[in-house]
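**Student:** I'll drop the sequence and a predicted model, then ask my questions.
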Amino acid sequence: KIGSIQTILSNTAHAGTNLEQVNKALDELNLYADKTIYNFADMTQNIGRFTTAGVGLEDSVTAIKGLSNLAAVSGSNTNQAANAMYQLSQELANGKVTLQGWNSVVNAGMGGKKFQDALIESGKNIGSMKDETKSFRDSLQDGWLTSEVLLDTLAKFAEDESMLEAATKVRTYTQMMDTLQEAAGS
């Protein structure tokens, strides 16, 4: 956590972020981690990556929650979610999601129709999605899946009650043990 705080502070200081704000954001994420099957340490590490990619602190917290909720709905485990978060942080640094980046999301089991449809809807609302005649994968070459579109979609997922419910349901013994360890660590 200390290393992540240092990374987050150094990447968000230009926006006036202070230690109290970072701790508040991480406390919020820790509460989320305690309620869900996801690991707080992975989340803080990925917030560091998101802020390194230029995403603000609040947007990073929201995006991590949205990705975790998506992982739960998609049936992805914590390692798959962490890999998708890492890859998407790289894509955010580039300003758009490429086919190679999208393939990593698919390989993590999180690139299904629900995510694609939500991204297309956000892209249309923002105005970057213009050609719906191509397949989702082919359309990525047009560069419409920008950081703004991705973050908008993840913000919706972070607030989606049915997705949050999926993230809080413990379905296996391993998930139960992980959740108990996470709560004990807090």
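**Tutor:** Okay, I see it. The model shown is predicted, which means the values in this text are computed figures rather than measured ones.
**Student:** give me the distance between Leu164 and Gln90.
**Tutor:** 26 Å (Cβ to Cβ, to the nearest Å). Yep, even glycine has a C-beta here, placed from its N, CA and C like the rest.
**Student:** same check on Asp117?
**Tutor:** From Asp117 across to Gln90, the span is 24 Å (Cβ to Cβ).
**Student:** what about those two, which has more around it?
**Tutor:** Shown here are Asp117 and Gln90; by other Cβ atoms under 10 Å, Gln90 has more neighbours (16 against 12).
**Student:** tell me which residues touch Leu26, please.
**Tutor:** Counting by Cβ atoms under 8 Å, 6 or more residues apart in numbering, Leu26 touches 1, 4-5, 44, 47.
**Student:** any regions of the protein where pLDDT drops low?
**Tutor:** For the chain, the stretches with pLDDT under 70 are 1, 37, 169-186.
**Student:** for Thr146, give me phi and psi.
**Tutor:** The phi and psi torsions at Thr146 (degrees, to the nearest 10) take the values phi -80, psi 170.
**Student:** how about Val55?
**Tutor:** Here Val55 shows phi and psi, under degrees, to the nearest 10, equal to phi -80, psi 140.
**Student:** what's the burial count for it?
**Tutor:** Val55 is flanked by 25 other residues according to other Cβ under 10 Å.
**Student:** just Gln45 next, same as before
**Tutor:** 18.
**Student:** for it, what are its contacts?
**Tutor:** 4, 82.
**Student:** buried sites along the one helix or strand it maps to?
**Tutor:** Using DSSP states H and E, Gln45 falls within helix 40-52. Neighbour-count burial for helix 40-52 flags 40, 42-52 (criterion: 16 or more other Cβ atoms under 10 Å).
**Student:** from the chain's centroid, how far away is that helix?
**Tutor:** Centre-to-centre, helix 40-52 and its host chain are 10 Å apart (Cα atoms, centre = their mean, to the nearest Å).
**Student:** among the contacts of Leu26, which two are most distant?
**Tutor:** Lys1 and Ile47 (10.5 Å; Cβ to Cβ).
**Student:** quick one, phi/psi of Ser76?
**Tutor:** Taking degrees, to the nearest 10 as the convention, Ser76 sits at phi -80, psi 150.
**Student:** skipping adjacent residues, who's closest to it in space?
**Tutor:** Leaving aside its chain neighbours, Ser76 sits nearest to Gly109 (4.3 Å; criterion: Cβ to Cβ, 6 or more residues apart in numbering).
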